[in-house]
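Undergrad: Model the structure of this input:
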Amino acid sequence: MTAAPTNYWEDFAAGSVREFGGITVNKDDVIRFAREFDPQPFHLDEAAARESLFGGLAASGWHTCAMVMRMMCDAYLLDSASLGSPGLDKLQWLKPVFPGDVLRVRMTVLEARPMNSKPHVGLVRSQWEAIAKRSDGREEVVLQMEGWGMFRRRETDGAT
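TA: All right, here's what the predicted structure looks like:
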């Protein structure tokens, strides 16, 4: 986080949409992540992956989540007054992610409200969609998540 955050709770109005990112999925990274965290054959071995429902080497859904998190950090979290997250309400892997896909994220703020027990904290409920641009130019939503973020509120009238 920077010395002076640029994004506070007030900067996440319900209905607002942000699009960001642009990570190219790399075959070696898919295999490296799978080897360490999700060693299923369709994430590790091209021959086994061709015989799977995916029809080719596919990134782990957890790897996709990690790439989305990186894009979120680069786009706004590291420059925000983020206080973390109490978790996700929904996570769906809608379509496989393949090496060569270019991922970007669309974040839609669904709700923003002050935290009752801590008025200096604001809660933001968002939906994140990971969109893959395929090698043939098609774009598909491959992942969808909903969850909450906690952000400091800007000081008003000397209150914190």
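
Undergrad: residues in contact with the top helix by length along the chain?
TA: Longest helix in the chain by number of residues (criterion: DSSP state H): helix 61-75. Under the criterion Cβ atoms under 8 Å, 6 or more residues apart in numbering, residues 18, 20-23, 25, 29-30, 33-34, 37-38, 43, 59, 91, 93, 97, 103-105, 107, 128, 130, 142-143, 145 lie in contact with helix 61-75. Where you see a C-beta, it was placed from the backbone N, CA and C, and this is true even at glycine.

Undergrad: which of those residues are buried?
TA: 18, 21, 23, 25, 29-30, 33-34, 38, 43, 59, 93, 97, 103-105, 107, 128, 130, 142-143, 145 (16 or more other Cβ atoms under 10 Å).

Undergrad: Which ones among those residues lie within strands?
TA: Those of the buried ones among the contacts of helix 61-75 mapping onto strands are 18, 21, 23, 93, 103-105, 107, 128, 130, 142-143, 145, per DSSP state E.
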